[in-house]
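Q: Show me the folded form of this:
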Amino acid sequence: MARAVLYLPDPAERRLPARSVAGRSLALRAIVAAARGGVETVGVPAALRTPSLETALRRTRGLAGVLRWLDARDPAEARAFASEPCLLLPASVLVEPRTLAGLLEGPMEVGGAAIAESAEGGAPVVLAPPELMERLWPRLAAGEALGPELVRLLEETRPKLRSAAGLFLHVGTEARLRDADTALYAALGTDDDTGVDRFLHRRCSRQITRLLVRTPVTPNHVSLASLAIGLGAFWAFWHATPVSAVLGVALYSVAVVLDHVDGELARLTFQESRFGAILDWAVDTIIHSTLVLGMAVSAAPGPAMMAVGLLGAVGVTLSALFARSLPREIAVGETVGGALRNMGTRDFFYLLLVAFVLLRWARPALLPVLATVVAMGSQSYWIACVARIRRGAATR
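A: Numbering: from 1, shown residues only. Purely as a prediction, here's the structure:
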C-alpha cells in the first residue's frame with residue numbers, strides 16, 4: 001500500500017500550506033496530487049489542520065478514506081507509516097500527479113528516490129525507505145520543519161533522482177504565491193488546442209476562470225451557459241441577415257471561450273467528473289450541429305435546404321460520436337483520418353462561419369453551394385472511421 005506524509009520544509013513556511021493558489025490551498029493541492037499519483041493513504045500532521053482545509057477536503061471528490069490526521073503518540077500509526085517506503089511530500093509545493101506516480105513506480109532503491117528538481121531547493125520530494133521513516137517519524141507526525149535535515153540526509157544516502165514530469169514549484173515565500181498562480185494558469189492548455197484556441201480563446205478564458213475559482217459556480221454551470229450562448233448563435237444564423245450572421249459568429253466565439261472555462265475550472269478546483277465530461281461533449285456537439293443546420297436554412301428557403309442542414313447536423317453528431325468513442329488509432333489514423341480530424345477543428349469551423357458571413361453579404365446565391373459542401377464534408381470523418389474498422393476486421 002502506497003503511503004505519503006505531508007511535511008513542513010521550513011518554520012517560516014508554516015502559514016503557506018493554508019494559502020490559496022487559484023482557488024485552492026497549497027496543502028489541498030499536495031494531498032490531491034498524492035492521491036491521484038497512486039497514494040492510498042496520505043498522513044497530514046495535526047499542525048497543518050485548519051477548518052478551511054477540512055471543509056475543502058470534504059468537498060473534493062476522490063479523497064474519501066485517503067486522509068489520515070497524524071498523532072505522534074499513536075504507535076499503530078508509527079508502525080503503519082514507518083514499516084514500508086513512504087512518500088515525503090512538502091505541503092508547500094506544486095507538483096503533478098504523474099511526477100509522483102513515476103516516483104512510486106518500479107523497485108525501491110536502497111537509498112530511496114527523489115525528484116531531481118526538489119533535491120536542492122530545500123523542500124525535497126522523497127520516496128523514503130523504512131529506516132529513514134523510522135528515524136524521522138516522531139518529528140514528521142509532530143509537524144516539525146524537516147527541509148534542511150532531509151537535504152542533508154539526501155546528500156548522505158544519494159537516492160536515485162528522477163525528473164519531474166511537468167510542473168514543479170516550491171512555494172517557499174509569500175512572494176512566490178503569485179508565481180504559483182501564474183504557473184497553474186499557464187499549464188491549463190490541452191494537446192487539442194488549436195491556433196485560435198491558444199491566441200484567443202485561452203487568453204479570454206483564463207481571465208474568466210480567475211474570477212470563478214473563488215465562487216460557488218461549478219464547471220457544469222459554465223457548460224450550460226456555453227450551451228445557452230451557443231443556441232443564441234444558432235438563432236442568429238437561422239434565416240440570417242448579414243448583421244445577424246456577424247452576431248452569430250461573435251456569440252459562437254463567446255460560447256467557445258466558456259467551453260474552455262468549464263474545463264479549466266474543473267481542473268483547477270478538482271471538480272472533474274464523468275458527467276461533466278459528457279455534458280461538455282454534448283454541449284459542443286449541439287452547438288456545432290445546430291450551427292450547420294442554421295447555415296443551411298439561411299442559404300435558401302424550402303425543404304431542400306432544410307434536408308441539407310439536417311444531413312449536415314447528423315454528420316457532425318456522428319463524427320463527434322466516433323471521435324469520442326473509438327480508439328485513437330482508429331478515430332484519427334496516420335493519414336486520411338488525421339487530416340479529416342484537422343478539418344473538424346474549431347479553426348476550420350471559424351473559416352466556414354466567416355465564409356458564410358462574406359457570402360451572405362456579397363454573394364448570397366452561393367450559400368446553397370456552401371451549405372451542401374459543409375453537409376457532405378461533415379460525413380467524411382465518420383465514414384473514414386467506418387472504413388478503417390471494416391479494413392481492420394477484414395485483415396483479422
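Q: Arg68: helix or strand, and which one exactly?
A: Here Arg68 sits within strand 67-70, counting by DSSP states H and E.
Q: which other helices and strands contact that strand?
A: Packing partners of strand 67-70 (3 or more C-beta pairs under 8 Å, 6 or more residues apart in numbering; DSSP states H and E): strand 41-45. Any C-beta I mention is one placed from the backbone N, CA and C, and that applies to glycine too.
Q: Check which helices and strands the strand it packs on is in contact with.
A: strand 3-7, helix 26-36, strand 67-70, helix 75-82, helix 130-142.
Q: Kindly recompute the last result at 6 Å.
A: strand 3-7, strand 67-70 (3 or more C-beta pairs under 6 Å, 6 or more residues apart in numbering; DSSP states H and E).
Q: what lines up beside the shortest one in the sheet?
A: This means strand 67-70. If you go by DSSP bridges, strand 67-70 pairs up with strand 41-45 (parallel).
Q: returning to what we had before: may I have the strand holding Arg68 as CSV, with CA atoms only?
A: Only the C-alpha atoms of strand 67-70 are listed here, as CSV (Å, rounded to 0.1, in the frame of the first residue of the first chain):
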residue,chain,number,x,y,z
LEU,A,67,-6.6,11.3,4.5
ARG,A,68,-5.4,10.5,8.0
TRP,A,69,-4.6,13.1,10.6
LEU,A,70,-1.4,12.0,12.3
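Q: Now do the buried residues in that strand.
A: Leu67, Leu70 (16 or more other C-beta atoms under 10 Å).
Q: What distance do you get for Gly23 to Arg214?
A: 5 Å (C-beta to C-beta, to the nearest Å).
Q: More neighbours: the two, which one.
A: Gly23 (19 against 12; other C-beta atoms under 10 Å).
Q: sec struct for Leu87, please.
A: For Leu87, the assignment made with DSSP: H, G, I helix; E, B strand; the rest coil gives strand.
Q: shouldn't it be in contact with Ala4?
A: Yes - between Leu87 and Ala4 a contact is recorded at 3.8 Å, counting by C-beta atoms under 6 Å.
Q: Tell me which of those two has more neighbours.
A: Neighbours were counted for Leu87 and for Ala4 using other C-beta under 10 Å; Ala4 has more, 28 against 24.
Q: Would you mind giving me the confidence score for the more buried one?
A: Note on Ala4: pLDDT of 94.
Q: now the one 3 residues further on
A: Reading off the per-residue confidence, Tyr7 sits at a pLDDT of 94.
Q: Make sure Arg61 is indeed in a helix.
A: No - counting by three-state DSSP, Arg61 is not part of a helix but coil.
Q: Just the pLDDT for it.
A: Among the per-residue scores, Arg61 shows a pLDDT of 86.
Q: go on, Pro107?
A: 71.
Q: That one: helix or strand, and which one exactly?
A: Using DSSP H and E, no helix or strand contains Pro107.
Q: before we move on, what about the one 3 residues further on?
A: Under the assignment given by DSSP H and E, Val110 is not contained in any helix or strand.
Q: try the one 10 residues further on
A: Secondary structure here is read from DSSP H and E; on that basis Glu120 sits in neither a helix nor a strand.
Q: Relative to Arg158, how far out is it?
A: For Glu120, the distance to Arg158 equals 13 Å [C-beta to C-beta].
Q: cool, Arg178 as well?
A: Plainly put, Arg178 is 35 Å away from Arg158 if you go by C-beta to C-beta.
Q: any idea whether Asn220 is helix, strand or coil?
A: What three-state DSSP gives for Asn220 is helix.
Q: tell me the contacts of it?
A: Asn220 makes contact with Gly276, Leu279 under the criterion C-beta atoms under 6 Å, 6 or more residues apart in numbering.
Q: do that again at 10 Å, thanks
A: Contacts for Asn220 were tallied using C-beta atoms under 10 Å, 6 or more residues apart in numbering; they are Asp262, Leu265, Ala266, Gln271, Ser273, Phe275, Gly276, Leu279, Asp280, Val283.
Q: okay, the closest residue to the last one other than its chain neighbours: pLDDT?
A: What it means is Val283. Distance criterion C-beta to C-beta, 6 or more residues apart in numbering; nearest residue to Val283, sequence neighbours excluded, is Leu227 at 4.5 Å. With respect to pLDDT, Leu227 scores 98.
Q: Look up phi and psi at Leu227.
A: Per-residue torsions, Leu227: phi -60, psi -40 (degrees, to the nearest 10).
Q: Same check on Ile115?
A: When quoted as degrees, to the nearest 10, the phi and psi of Ile115 stand at phi -80, psi 120.
Q: Low-confidence ranges, the stretch 201-350 of the chain, go.
A: Counting by pLDDT under 70, the stretch 201-350 of the chain has low-confidence residues at 326-344.
Q: Please apply the same query to the stretch 1-150 of the chain.
A: For the stretch 1-150 of the chain, applying pLDDT under 70 flags the ranges 1.
Q: what helix or strand does Ala114 sit in?
A: strand 113-115.
Q: so which strand or helix has the residue most central in space within the chain?
A: Taking C-alpha atoms, centre = their mean, the centroid of the chain lies closest to Arg267, which sits 4.5 Å from it. Element membership for Arg267, per DSSP H and E: helix 242-269.
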